[in-house]
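[1] Take this sequence and fold it.
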Amino acid sequence: MEDKIYSRMRIRLPKLRFGNLPSKKRNRKKGFAYEVTFIIIIAIITVVLIIKASSPIIDKICEDVAMSKATMVSNKKATEVMANYTYEDLINIHRDNSGNITMLQSNIVTINSITSDIAVKIQENLEQDKDSISSVKLRKFYRSKNIIWIRP
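    All right, here's what the predicted structure looks like:
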């Protein structure tokens, strides 16, 4: 038995032939055109499959970024609006003659004003920032659950 560096059999693929044309040059051009077309088809199929596989991930990331931004904006605007009011503005305290609290009555007009102010300010802020950029680094697809990177 002879020692060989490569002991396995080589795989021999059959050569593709596309018709019997009289000129070898035409045959080469046609074969080259078929090869290029085949490569382009494979590339298109690969791109479509990658887009189909990654689009749910990108959709989830966009949803998470939008929720995070909305939460930050709503908390910030609620804090700004509530800084202008006190507890006494929201609740009317009714006492009897001896000073005991008999009833707590909410001031509905003030509460409605606060909620509408908060909603309007949140909407204004989100409309101003609707062109903000949020991007995802491709390496984040392969890491842990922390896959969001927001650029203000």
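[2] Determine how far the longest helix anywhere in the chain lies from the middle of the whole chain.
    Once the chain is assigned using DSSP state H, the helix that runs over the most residues is helix 24-82. Offset of helix 24-82 from its chain centre (CA atoms, centre = their mean, to the nearest Å): 11 Å.
[3] do stretch 108-118 as well
    The answer for stretch 108-118 is 33 Å, by CA atoms, centre = their mean.
[4] Residue numbering should commence at 40 henceforth.
    Yes, from this point I'll number from 40; that puts the last item at stretch 147-157.
[5] quick one: contacts of it?
    Residues outside stretch 147-157 that contact it (CB atoms under 8 Å, 6 or more residues apart in numbering) are 113, 116-117, 120-121, 124, 128-129. Backbone N, C-alpha and C define where each C-beta goes, glycine included.
[6] Need the max-distance pair from those.
    Longest distance between any two of those is 20.8 Å, between 113 and 128; criterion CB to CB.
[7] Comparing these two, which residue is more hemmed in?
    Neighbour count, other CB atoms under 10 Å: between residue 113 and residue 128, residue 113 has more, with 16 against 13.
[8] For that one, give its distance to residue 129.
    Here residue 113 is placed at a distance of 19 Å from residue 129 (CB to CB, to the nearest Å).
[9] Thank you, goodbye.
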